[in-house]
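A.B. asks: Mind looking at a prediction? Sequence and model below.
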Amino acid sequence: MPPVANNCETAQKEIEGIITMNTILLDPDRLFPADPSQRDIARDLYHDIKDLPIISPHGHTDPSWFAGNECFADPSTLFLVPDHYLFRMLYSQGIGLESLGVPRIDGGWVETDMRKIWHTFAANYHLFQGTPSSLWMNHVFYEVFGMTECFCSATADEFYDQINTQLATDAFRPRALLDRFNIEVIATTEGAVDELPHHRAIAGTPWAKRVITTFRPDDAIDPEREDFIENVARLGELTGEDTNQWDGYLAAMRYRRATFREFGATATDHGHPTAFTADLGKAECEALFSRCLSGGASVSDAELFRGQMLTEMAGMSLEDGMVMQIHPGSRRNVNTELFRKFGRDKGADMPSATNFLDGLKPLLDKYGNEPSLDIILFTLDETTYARELAPLAGHYPCLKLGPPWWFHDSPEGMLRYRHQITETAGFYNTVGFNDDTRAFLSIPARHDVARRMDCRFLATLVSEGRLRLNEAGVLSHELTYNLAKQGYKL
Ligand SMILES: [Zn+2]
């Protein structure tokens, strides 16, 4: 309580005088270089691109929001309960997920008083100082909801009431926010056996062009998932293919890819523990698949199967033109007790070292020189940027680099990315920004951070005589808009 109150008091004193409160709360020059001449260049570049439409080609918003267009619930349910970026930080300071209203698998007690949960968030908001979460939340508070005070215990009720009131209005329904946020297109992400009810509901309406799905078949590709066998069986039911057989399983995958394309999908996504790929003969694939389906797959069988399936999926992308995203290197559910109590996606996934060069070799030997294949690589291992990823993307025609991901989707992470990949991969082997979020209201904030950081990087190159100002102007448009549209075939 004391440090929070002090922060508030300090800010209240600062706003006395000629500077408006909003300027203090949300610096218009935030994230630009401190050097005045570089800052001027960055500000000019940003001015020209800040209002471009948002292209959101990869993310995890809930498609039911856009199909049903219902008002969002209270601020705690909207911001805190589903957002592992936020509650993991509170958990790291000893605040139990139960007290934050995160549902338990066993149905055990969790806090249901949403105002009380909001107070816990407010009292601990200082924990996010210096993190991208505070940049995003402050943007949401001051730009989206027009709040004019610091967020802390003293203002928690006022924030809760004002946000709650606005959320109940038509202007804050999901479709109205898509318009207000100037989101030209947003991709959700669904599993291989998802029947896409919400995308079906908007099919044939103008919204179907703006809200598209993405095919993420991990649930029927990873033999280590507890529901793998069940999902492969369901895949058979959905497609009429015999998924007990390797050929039928592959045919079912092709079938589902085609179904997803009917609902706008231009891309697939693969969240594997490593970047390992394989290129086995058919007999080996059949034997491996049957071991996986029998439940008797070893750890190395599971890895081999996932690796084979990445190569199969690359082959299918070559056939049907879908862009293939690979998100490797997240060690999932590291905290066993938390996983047992609360399940997946609870802030206990950790980055791990990733070997792209050896891992991707079988896939690249087979398909790497195909100019019509599009594979976008992401990493949680920043040591691979200059050593592996930029050289790979700077050589193979099928490879592009996705933006800084997850832990590295931050101002410093974006600078590290540009500094380490640009000299080998350039700008045109990248695909713009992904917000990769389930926090819908933070999407403009996240894109704004990326736009500011790109302008900052370009301004530095201009000021050092490494790029002409007119070239930087073109690049700022490319990075903000064109490369995302082209990279994802939107
Ligand atoms: Zn994602």
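C.D. replies: Okay, I see it.
A.B. asks: State the phi and psi torsions of the most centrally placed residue in the chain.
C.D. replies: Nearest residue to the geometric centre of the chain (C-alpha atoms, centre = their mean): residue 436, 1.3 Å. Residue 436 adopts backbone torsions of phi 50, psi 40, taken as degrees, to the nearest 10.
A.B. asks: helix/strand/coil for the residue nearest to residue 211 when sequence neighbours are not counted?
C.D. replies: Leaving aside its chain neighbours, residue 211 sits nearest to residue 66 (4.5 Å; criterion: C-beta to C-beta, 6 or more residues apart in numbering). For glycine as for every other residue, the C-beta is placed from the backbone atoms N, C-alpha and C. Reduced to three states with DSSP: H, G, I helix; E, B strand; the rest coil, the structure at residue 66 is helix.
A.B. asks: how many other residues sit next to residue 66?
C.D. replies: 24 (other C-beta atoms under 10 Å).
A.B. asks: same deal with residue 373?
C.D. replies: Residue 373: 21 neighbours (other C-beta under 10 Å).
A.B. asks: Not counting residues beside it along the chain, what's closest to it?
C.D. replies: residue 398 (4.0 Å).
A.B. asks: so the residue nearest to residue 211 touches residue 207, yeah?
C.D. replies: Yes - at 6.1 Å, residue 66 counts as touching residue 207 under the criterion of C-beta atoms under 8 Å.
A.B. asks: joint contacts of those two?
C.D. replies: residue 175 (C-beta atoms under 8 Å, 6 or more residues apart in numbering).
A.B. asks: Run through this structure and note the low-pLDDT ranges.
C.D. replies: 1-24 (pLDDT under 70).
A.B. asks: Just the residues contacting the strand or helix carrying residue 365, thanks.
C.D. replies: Counting by DSSP states H and E, the element that carries residue 365 is helix 356-367. For helix 356-367, contacts defined as C-beta under 8 Å, 6+ apart pick out 274-279, 307, 310-311, 314-315, 318, 328, 373, 377, 379, 384, 388-389, 392, 396, 398.
A.B. asks: Now with 7 Å, please.
C.D. replies: 274-279, 310-311, 314-315, 318, 373, 377, 384, 388-389, 392, 396, 398 (C-beta atoms under 7 Å, 6 or more residues apart in numbering).
A.B. asks: Over to stretch 324-342?
C.D. replies: Contact partners of stretch 324-342, identified using C-beta under 7 Å, 6+ apart, comprise 58, 97, 102, 104-105, 267-275, 310, 313-314, 317, 344, 346, 348-352, 354, 374-381, 402, 405.
A.B. asks: What's the ChimeraX line that selects buried ones from those?
C.D. replies: To isolate the buried members of the contacts of stretch 324-342 in ChimeraX, using 16 or more other C-beta atoms under 10 Å:
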select :58,97,102,267,268,269,270,271,272,273,274,275,310,313,314,317,346,348,349,351,354,374,375,376,377,378,379,380,381,402,405
